[in-house]
Structure formats: structure tokens, C-alpha cells
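# Next input, structure requested:
(one chain, ligands or ions: 1)
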Amino acid sequence: MQSLDEIDRLASVRRSVRAFKPDPVPQDIIKRVLDITLATPSNCNVQPWHIHIVSGDALQRLSKAMLEQARAGLTPDHDIPEAGPYPGRFRERQIDAAKRLFAATGVAREDIAARTASILRNYVFFDAPHLALFCVPDWAGERELADCGQAMQSLMFALTAAGLGSCPQGAAGGYAATTHRILGIPADQRILAGISFGYADPDHPSAGVKPPRASVEEMVDFHE
Ligand SMILES: Cc1cc2nc3c(=O)[nH]c(=O)nc-3n(C[C@H](O)[C@H](O)[C@H](O)COP(=O)(O)O)c2cc1C
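Below you'll find the predicted structure:
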């Protein structure tokens with residue numbers, strides 16, 4: 001059984017990694033973290049997720065096709081539409097997180113080219129050697145999306161415990177029609193998001209970025 005301190009350490013060590021080393025992760029480790037991921041609970045135990053692990057040539061092909069569309073200025077077509085624009089304090093948090101990343105990586109506010117290049121790094125999956133694409137069945141509702149989100153968190157914790165880095169990427173679900181075609185993902189699976197993973201590059205300037213979280217006092221009401 002994990003101690004609270006260990007879980008605490010896992011939660012604080014995990015961060016969104018936006019620079020990876022090229023080394024592939026051994027297959028037995030990938031299999032182990034996936035076994036852990038699949039222990040995730042879900043409504044009525046229906047397990048409404050399907051995971052595609054994309055590596056090697058397939059990842060290169062996917063990246064190339066996404067980059068082409070992004071560079072051409074095409075709007076990403078998501079199977080599951082993005083929310084937004086975010087209102088009020090949610091927007092403030094979004095801006096704060098982006099500012100921290102741009103400041104750490106030396107991207108000036110007015111440097112549109114550098115900002116675009118930073119965003120385009122989503123489509124090379126931050127140079128990660130692997131991408132886990134999370135899909136839900138086409139009948140899935142909001143509860144099943146929540147279940148799938150939990151499975152994503154399980155994978156990220158398992159990867160962290162294995163000494164690996166990860167980045168959850170809504171952007172990996174953009175250009176969904178292309179992804180369905182390239183990977184042969186059937187139409188009855190809807191792409192929710194991806195998690196790029198591999199060995200983190202600890203020397204990259206983005207490595208120190210960890211946006212703060214709101215406190216228990218702000219986020220939680222206790223009723224007795
Ligand atoms: C579902 C989901 C989608 C995300 N999509 C992206 C993305 O497309 N690109 C990106 O750079 N970060 C993405 N993030 C990472 C968030 O920006 C990050 O989790 C947040 O800023 C908190 O930072 P931390 O993960 O380092 O604690 C996503 C996170 C989640 C949970």
C-alpha cells in the first residue's frame with residue numbers, strides 16, 4: 001500500500017513535460033503502465049476507453065500530417081469539441097499558465113512567430129517517442145468522458161512512478177479526421193486527447209514550469 005507521502009510526492013513530481021529525449025521506452029514498461037491504467041474505476045465498470053499507443057514511423061506520419069494542416073492555418077477538427085473561451089478566473093488561470101511557459105522558454109509576448117512555433121511543438125508531441133491516444137465509444141456521454149479522464153490520470157501517475165515524463169495534450173485530438181485515417185481508428189471511437197510520453201529532458205528551459213493550484217479554502221466547501 002502506498003503511503004500518503006508517496007502519493008503526495010507523485011502528485012507534486014508529475015508535471016506536463018514539454019521536452020523529451022528521443023530514447024524509446026522499453027515495451028515491458030509500456031505494458032506495465034498500461035496494466036496499471038486499466039485498473040481505473042468507471043461508472044458501472046463499463047470501462048469506456050480505448051487507447052492507441054503510437055510510436056516510430058506511425059508517430060512520424062501522424063506528426064507530419066498534423067503539422068502540415070496546422071502550418072496551413074487549418075482549424076483543428078476535434079471529435080469532441082473544445083470548450084471556451086474560458087470565463088473569469090478560469091481564463092486568468094489559462095493566461096497565467098501560458099505566461100509561465102513563454103517566460104521560461106524565452107518567448108516574448110509580442111513575438112508572434114515564436115509563440116506560433118511554441119504552439120506547433122504540440123504536433124511534434126514535444127519530441128516524445130510515444131503518444132497514447134485516448135478514445136471513447138461514439139455513444140459516450142459526459143460521465144464516460146470523466147471516466148476516460150480518470151484513466152488518463154492513472155497513466156500519468158504510473159508513468160511518473162516509472163521515472164517517465166508525460167504531457168496530456170488536447171491538441172493531440174485536433175485534426176481528428178486525419179488521425180482516424182492515418183491510424184485506422186474506426187469511426188465508432190471518438191478521440192478525446194493524447195498523452196505524449198518518454199524520458200523527460202531535464203535541461204530544457206520548460207522543465208521548471210509548474211503552474212500553481214488553487215487552495216483547498218478556495219476550491220472546497222465543507223458541509224456538515
Ligand atoms: C486534458 C488536458 C489537455 C491538455 N492539453 C494540452 C495541450 O494540448 N498542450 C499543452 O501544452 N498542454 C496541455 N495540457 C497541460 C496543461 O496545460 C497542464 O496540465 C496545466 O497547465 C497544469 O500544469 P502541470 O500539468 O505541469 O501541473 C493539457 C492538460 C490536460 C489535463
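
# And the residue most central in space within the chain, how far from Ser63?
By C-alpha atoms, centre = their mean, the chain has its centre lying nearest to Pro168, at 1.0 Å. Per C-beta to C-beta, to the nearest Å, Pro168 is found 17 Å from Ser63. (Glycine included, C-beta is placed from N, CA and C.)

# Pull the contacting residues for the closest residue to the residue nearest to the centre of the chain other than its chain neighbours.
Among residues not flanking Pro168 along the chain, Ile195 sits closest, at 5.3 Å (C-beta to C-beta, 6 or more residues apart in numbering). Ile195 makes contacts with Leu131, Ala132, Phe134, Met152, Leu155, Met156, Leu159, Ser166, Cys167, Pro168, Gln169, Ala172, as judged by C-beta atoms under 8 Å, 6 or more residues apart in numbering.

# Could you report the separation of the fourth one from the ligand?
Look at Met152 and the ligand: by C-beta to the nearest ligand atom, to the nearest Å, they are 7 Å apart.

# Then Pro168?
Between Pro168 and the ligand the distance is 4 Å, computed by C-beta to the nearest ligand atom.

# Phe222 too?
Phe222 is 25 Å from the ligand, where distance means C-beta to the nearest ligand atom.

# other SSEs contacting the longest helix seen in the chain?
Determined from DSSP state H, the single longest helix within the chain is helix 142-161. Applying 3 or more C-beta pairs under 8 Å, 6 or more residues apart in numbering; DSSP states H and E, one finds that helix 142-161 makes contact with helix 4-13, helix 27-37, strand 130-137, strand 165-169, strand 189-198.

# Throw the ones you listed into JSON lines and include distance to Arg89, thanks.
Listed next are the helices and strands packed on helix 142-161 as JSON lines, based on distance: least, C-beta to C-beta, whole Å:
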{"stretch": "helix 4-13", "distance to Arg89": "22"}
{"stretch": "helix 27-37", "distance to Arg89": "31"}
{"stretch": "strand 130-137", "distance to Arg89": "27"}
{"stretch": "strand 165-169", "distance to Arg89": "21"}
{"stretch": "strand 189-198", "distance to Arg89": "23"}
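
# Just send the ones you listed back as JSON lines, with distance to Ala176 and mean pLDDT too.
Output for these, formatted as JSON lines (distance: least, C-beta to C-beta, whole Å; pLDDT from 0 to 100):
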{"stretch": "helix 4-13", "distance to Ala176": "30", "mean pLDDT": "95"}
{"stretch": "helix 27-37", "distance to Ala176": "22", "mean pLDDT": "98"}
{"stretch": "strand 130-137", "distance to Ala176": "10", "mean pLDDT": "98"}
{"stretch": "strand 165-169", "distance to Ala176": "13", "mean pLDDT": "98"}
{"stretch": "strand 189-198", "distance to Ala176": "5", "mean pLDDT": "98"}
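
# Of the ones you listed, which is nearest Val216?
Judged by C-beta to C-beta, the one of the helices and strands packed on helix 142-161 that comes nearest to Val216 is helix 4-13, at 13.8 Å.

# do the closest one and the ligand meet at all?
No. Judged by C-beta under 6 Å from any ligand atom, helix 4-13 and the ligand are separated, with a smallest distance of 9.2 Å.
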